[in-house]
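S.K.: from the sequence below, what's the structure:
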Amino acid sequence: MKSIMISLLILTTVLVGCVQKEILDDVNLETGSAYDYVGDKIRGTALIPIYLPDKAVENKTFTASSMLSRDFLRDVQRQSSDPIVTGSLKVVLFGERLARKKGILDLIDSFQRDPSVGAGLYLAVTEGEAKDFVEGQFGKRGNAVYLSNLIRHNMKTKDVPKTNLQRFLFDFNQLGKTPYLPQLRKIGKDQIEISGISFFRYGKVVETIPAEKMFYFKLLVDKYSQGTLKVNMGKDLAAIESISSKYKMRLASRDPVTVNVQLKIKAILNEYSGNRATPKEIKEIEKKLQKKIEVECKKLTKGFQEKNIDPVGYGHFVKSNTRQFNFKQWATDYQNLKVNVHADVAITESGVIE
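M.R.: Residues are numbered from 1 along each chain as shown. Sure thing, here's the model as predicted:
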């Protein structure tokens with residue numbers, strides 16, 4: 001027994017000695033990075049937060065350019081007095097030209113192969129160069145925290161459907177599903193907004209929908225726990241809040257291929273500019289909202305078919321309900337796919353009346 005204990009102690013000591021030790025004070029923690037396509041090279045920018053004695057955060061960046069995306073971290077190490085480590089990476093941004101011309105697959109692949117990078121890493125496309133979104137000063141807790149919080153809360157309570165490194169890779173590797181990422185835009189010296197959703201084919205952006213279409217896209221691919229929408233009722237305006245939603249697909253026919261999409265939406269009428277929100281008025285608002293949702297969701301689907309992308313995942317859904325599914329045939333079937341959208345809207349409460 002004693003010899004066994006000694007052997008275990010020796011083995012534990014050897015294994016511990018194999019673990020690479022990193023002391024926080026002796027390394028630079030990369031919390032964000034930005035990639036742009038400049039000339040014929042990829043320019044990478046690493047964002048390092050520097051915590052000052054007064055608890056303020058200084059955003060320091062290191063930039064390097066290379067023909068190969070995998071050389072970026074090696075090159076910026078030459079500029080840093082301490083080793084740069086990626087274990088705290090929160091957000092990665094891709095410049096518009098890179099995302100549309102070069103593509104982001106090589107970069108995505110390098111992240112998924114790095115064991116220190118978490119699967120929940122947030123990814124986004126930027127209008128203009130991504131470097132501009134990590135330089136400067138956004139928020140009080142560092143640019144990476146500002147950007148990751150911006151994306152997180154808009155996915156949780158607003159119109160951005162959930163996505164991250166893991167979900168992007170799942171959609172990319174899934175036949176019959178197109179990956180997508182939020183698009184960011186600078187609207188001031190120290191302010192950024194989510195301006196739309198970008199859709200990818202073979203790692204390149206091929207289409208982007210504006211912010212006003214994100215609500216309807218999220219209804220088709222994600223669940224709302226909270227949300228807001230304004231409904232124009234002629235001369236009056238209704239504000240709908242605390243929207244919760246669920247979606248369900250059903251394969252109605254295979255010849256021609258027809259998919260029925262059922263949307264169930266519950267909401268609160270928070271404000272109405274009319275004289276009084278009577279039960280009759282509330283019913284009218286429900287009908288108006290239902291019609292608008294059905295029309296806009298069908299328009300989105302039609303636009304996706306024209307661009308030959310499938311971010312809703314109709315192909316994946318049909319495949320999962322069809323034996324011996326033929327993807328070559330689906331390329332033609334998708335263009336002729338008929339989608340019926342039915343929205344069931346229920347306003348459960350009414351609030352402020354002007």
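S.K.: what about the residue nearest to Q226 when sequence neighbours are not counted, how many neighbours?
M.R.: Excluding the flanking residues, the one nearest Q226 by CB to CB, 6 or more residues apart in numbering is T157, at 4.2 Å. Quick note: C-beta positions are derived from backbone N, CA and C, even for glycine. Using other CB atoms under 10 Å, T157 has 15 other residues around it.
S.K.: residues contacting V76?
M.R.: G44, A46, F62, T63, A64, I84 (CB atoms under 8 Å, 6 or more residues apart in numbering).
S.K.: the last one contacts G44, correct?
M.R.: No: I84 is not in contact with G44 according to CB atoms under 8 Å; the separation is 11.3 Å.
S.K.: ok, back up a step: ok, the contacts of V76 vs L29, which is closest?
M.R.: I84 (8.1 Å; CB to CB).
S.K.: could you measure the closest one against V117, distance?
M.R.: 13 Å (CB to CB, to the nearest Å).
S.K.: and what of K299?
M.R.: According to CB to CB, K299 and V117 sit 37 Å apart.
S.K.: more neighbours, the two?
M.R.: Set side by side, K299 and V117 show more neighbours around V117, with 18 against 12, by other CB under 10 Å.
S.K.: spatially nearest residue to that one (excluding sequence neighbours)?
M.R.: F111 (5.0 Å).
S.K.: which helices and strands sit right next to the longest helix along the chain?
M.R.: Ranked by residue count and defined by DSSP state H, the top helix of the chain is helix 279-307. Packing partners of helix 279-307 (3 or more CB pairs under 8 Å, 6 or more residues apart in numbering; DSSP states H and E): strand 204-210, helix 211-221, strand 228-233, strand 236-254, strand 257-272, strand 338-353.
S.K.: please, where are all the helices along the stretch 51-200 of the chain?
M.R.: 72-77, 96-97, 105-112, 131-134, 143-157, 165-173 (DSSP state H, counting those that start in this stretch).
S.K.: just list whatever residues bridge to I192.
M.R.: K186 (DSSP bridges).
S.K.: try Y272
M.R.: Bridge pairing for Y272 - DSSP bridges - gives A238, I353.
S.K.: can you report how many residues lie near it?
M.R.: 24.
S.K.: hmm, it is touching K235, no?
M.R.: No: assessed by CB under 8 Å, Y272 is found out of contact with K235, at 11.8 Å.
S.K.: hmm, back to that, what would the helices of the stretch 51-200 of the chain look like in CSV with mean pLDDT?
M.R.: CSV is the format used below for these (pLDDT from 0 to 100):
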stretch, mean pLDDT
helix 72-77, 78
helix 96-97, 96
helix 105-112, 90
helix 131-134, 94
helix 143-157, 94
helix 165-173, 94
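S.K.: which of those is buried the deepest?
M.R.: By mean neighbour count, with neighbours taken as mean count of other CB atoms under 10 Å, helix 131-134 ranks first of the helices of the stretch 51-200 of the chain at a mean of 22.
S.K.: L123: neighbouring residues, count only.
M.R.: L123, neighbours per other CB under 10 Å, totals 21.
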